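In: give me a model of this one.
(chains A and B)
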Amino acid sequence: MKILIVEDEKSLAESITAYFSETDYLCELAPDYESASEKIALHEYDCILLDITLPGGNGLKLLPELKRHKKNAGVIIVSAKNSIDDKIKGLDIGADDYLPKPFHLAELGARVNALIRRKKFEGETFLHIGSLQLDIAGKSVTILNKKLDLTKSEFDLLLFLISNKNKVVSKNAIGEHLSGDEADRFDNFDFVYSHIKNLKKKMTEAGSTDCIKTIYGLGYKFEL
Amino acid sequence: MRLLNRTLLNLSVYSVIILILVTPVFYRIINRIIWDEVDENLLLQKNEIQIRMNRLKADTNLLEWQSLDSNIKIELASTTSFHDSLFTRQQYNSVTGETAPYRVLITSVIFQNKPYLLTVRVSLLEQEDLIEALAITQSIALVFLLAGMLVINWRNSRALWKPFYKTVDSLKKFELEKAKPISFAPSKIKEFNDLNKAIAQLTARDHQVFRNQKEFTENASHEIQTPLAIVQSKMEMMMQTNPSHVQAGLMEEMMIALTRLGRLNKGLLLLTKIDSLSFLEREKINLKEFLEKLILVYQPEANQKTISFQVSLHQQEIFFNPLLLDILLSNLLSNAIRHTSPGNTISVLLSVQQMTISNPGEALPFESEKIFNRFQKGSSKTGAGIGLAIVKRIAETTGISVRYEFYNDTHFFSVFFEKS
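Out: A predicted model of the protein is given here:
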């Protein structure tokens, strides 16, 4: 699956590319408006990460171009301008998501996953991984045909970790993901710990291997 | 003292002094003029009597004349070497039967080569009445003149100073944050026009400086977002490299600092945006329900710190922008949670028009007025030091008031909403 990263900050684009490199995603880079416009016209992408302030033009103008070329790529606007106006405008003219800078790569990973799932596998909302089966629409998990009784937070946590499997995901990234718009309200994300503890307990009780590893000082990692 | 009264006071003091000084002087001058007149008259009368006497033939005629005119007395004198003498004296008036002041001339006349002593007198009664009348008329005129001057001056000054008071008024209403710089209607007085022009220039300049500063903060905050995003992404990449425990510990602390920096930056951006946000539409909000929901959001964090809420809310509706209200109350609540020690209770009270959030704690190490200042922090707690500044800014732009008090080892933050 191909991702186009439209971002003039080379360093940031490299981080994103590196983060996705070990997954099934292939990243391409467009550092300015012109190259982005060209790439959009010539190639097919599953997902486009779009910065708004670009050398050569406003990134938002690429959205109508996508439409004109009848491309079906999902678009996530990644912007330093965390302005409500841009967000509304972007989503209005065809973007699928909006992620303000600075963001966690894990959050980006989860969003890209979710977007591609929505765009590519329409209707199919089941995710199989190891002995786990996730019903994303129904927000339920079955292990070895046994349904797990998870809270919404626990389900979101599991999906977030799976979306970033084999990656260390920081406690902050999880905390912010789980609290969503409320993230800024909290001084710390200590509550993540108890969610992880409960989730791990429920999973091992259901007979799953312990696939969530605690990485000292850093966070957690979903690993099969 | 008002400027108007000050100028009038000077004028009135001067007027009263002049009135007091001039009245006796004026009386004396009139007196003098009239007395001179009387004396001159008496001397003329003497000459006339002399001429008339020359026409008489006998002494007996003299006696007859005297009996007709009570103001003339002619007596035979021993000598002619007699100087005229003029004086005022109380004398009996046979007509009115009263003593009255008279001006008397005693002089010598010659009748049939014999010296006679002539005494002519004029009643001063009418003259005194005249003087009195003149003095009174004059004084009244003077009083009217001065009073008129004062009134006219007062009215003129008031009209004259009107643009000045208008200027002061609009200066009082001037708010740096508001979009409009001050402007004045042109006045006919050059000085006021100059003043208004100077003020307009000054406020326009202030306005520009304020806007520049705001823009700077906004731009700087925006520009900081990108490097922050880079650092954060690199940190996350570093996390994937199997760091040692020591490295992991360092990275954790870096992540915490990074999160704080990100929040601080967001807070600064918000601070610059509140002015434009305050123009957002207001709507009727059930404050009780709003607070209940918000407290629910903060419940997990409070539980984490074993802090409990004591909530007493009355049904209350306000007219406010929900986004701003959320920011305002969230900041107050998270501030309370942050500065409450574990095991204590935060109380949230909502009565008519007033909401109070209070939490026990130690007194501030700085003056309480500074609590709403940016980056004024009492302890090394995790706050960015900008939440209460945002609260104050929201209060200022929306016209509600926020008050901080400390007593009984408890911090009280009260918000006073206007009636909906």
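In: what does chain A put close to chain B?
Out: Residues of chain A found near chain B (C-beta under 8 Å from any C-beta of the partner chain) are A:9, A:11-12, A:15-16, A:18-19, A:80-82, A:100-106, A:167-168, A:170, A:172-173, A:182, A:184-188, A:190-191, A:215-219. Every residue, glycine included, has its C-beta placed from N, CA and C.
In: filter those residues to the buried ones?
Out: Among the residues of chain A next to chain B, those buried by neighbour count (16 or more other C-beta atoms under 10 Å in any protein chain shown) are A:9, A:12, A:15-16, A:18-19, A:80-82, A:100-106, A:167-168, A:170, A:172-173, A:185-187, A:191, A:215, A:217-219.
In: those residues in helices, which ones?
Out: A:12, A:15, A:16, A:18, A:19, A:105, A:106, A:172, A:173, A:191 (DSSP state H).
In: so which elements touch the worst-scoring helix or strand of chain A on mean pLDDT?
Out: When each helix and strand of chain A is scored by mean pLDDT, DSSP states H and E, helix A:84-92 comes last, with a mean of 77. Contacting helix A:84-92 under the criterion 3 or more C-beta pairs under 8 Å, 6 or more residues apart in numbering or on different chains; DSSP states H and E are the following elements: strand A:74-79, strand A:97-100.
In: show me chain A divided up by domain.
Out: A:2-120, A:126-222 (automatic domain parsing).
In: can I get these in JSON lines with distance to residue B:34?
Out: Formatted as JSON lines, these follow (distance: least, C-beta to C-beta, whole Å):
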{"stretch": "domain A:2-120", "distance to residue B:34": "95"}
{"stretch": "domain A:126-222", "distance to residue B:34": "99"}
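In: select, out of these, the one closest to residue B:63.
Out: domain A:2-120 (126.5 Å; C-beta to C-beta).
In: what residues does the stretch 151-300 of chain B put near chain A?
Out: B:222-223, B:225-226, B:228-234, B:236-237, B:239-240, B:243, B:245, B:248-249, B:251-252, B:255-256, B:258-259, B:262-263, B:266, B:269, B:297-298, B:300.
In: show me what contacts residue B:15?
Out: Contacts for residue B:15 (C-beta atoms under 8 Å, 6 or more residues apart in numbering or on different chains) come out as B:146, B:149, B:150.
In: what helix or strand is the first one located in?
Out: So that's residue B:146. With secondary structure defined by DSSP states H and E, residue B:146 is part of helix B:125-173.
In: which helices and strands sit right next to that helix?
Out: Helix B:125-173 packs on helix B:3-55, strand B:98-111, helix B:190-239, going by 3+ C-beta pairs under 8 Å, 6+ apart.
In: any weak-confidence spans in the stretch 301-420 of chain B?
Out: Applying pLDDT under 70 to the stretch 301-420 of chain B flags residues B:377-384, B:419-420.
In: where exactly do the strands run in it?
Out: B:308-313, B:317-320, B:345-351, B:354-360, B:401-407, B:410-416 (DSSP state E, counting those that start in this stretch).
In: now the third one against strand B:308-313, angle please.
Out: What that stands for is strand B:345-351. Interaxial angle, strand B:345-351 versus strand B:308-313 (axes from the mean of the first three to the mean of the last three C-alpha atoms, to 10 degrees): 10 degrees.
In: and strand B:345-351 with chain A, contact?
Out: No: Strand B:345-351 does not reach chain A (C-beta under 8 Å from any C-beta); its nearest approach is 14.3 Å.
In: quick one: that strand to strand B:354-360, angle?
Out: Using the same axes, to 10 degrees, strand B:345-351 lies at 170 degrees relative to strand B:354-360.
In: same check on the fifth one?
Out: Here strand B:401-407 points in a direction 30 degrees away from that of strand B:354-360 (the same axes, to 10 degrees).
In: in strand B:401-407, what counts as buried?
Out: Buried residues in strand B:401-407, counted by 16+ other C-beta under 10 Å: B:402, B:404.
In: in its sheet, what does that strand sit against?
Out: Sheet partners assigned to strand B:401-407 using DSSP bridges are listed as strand B:410-416 (antiparallel).
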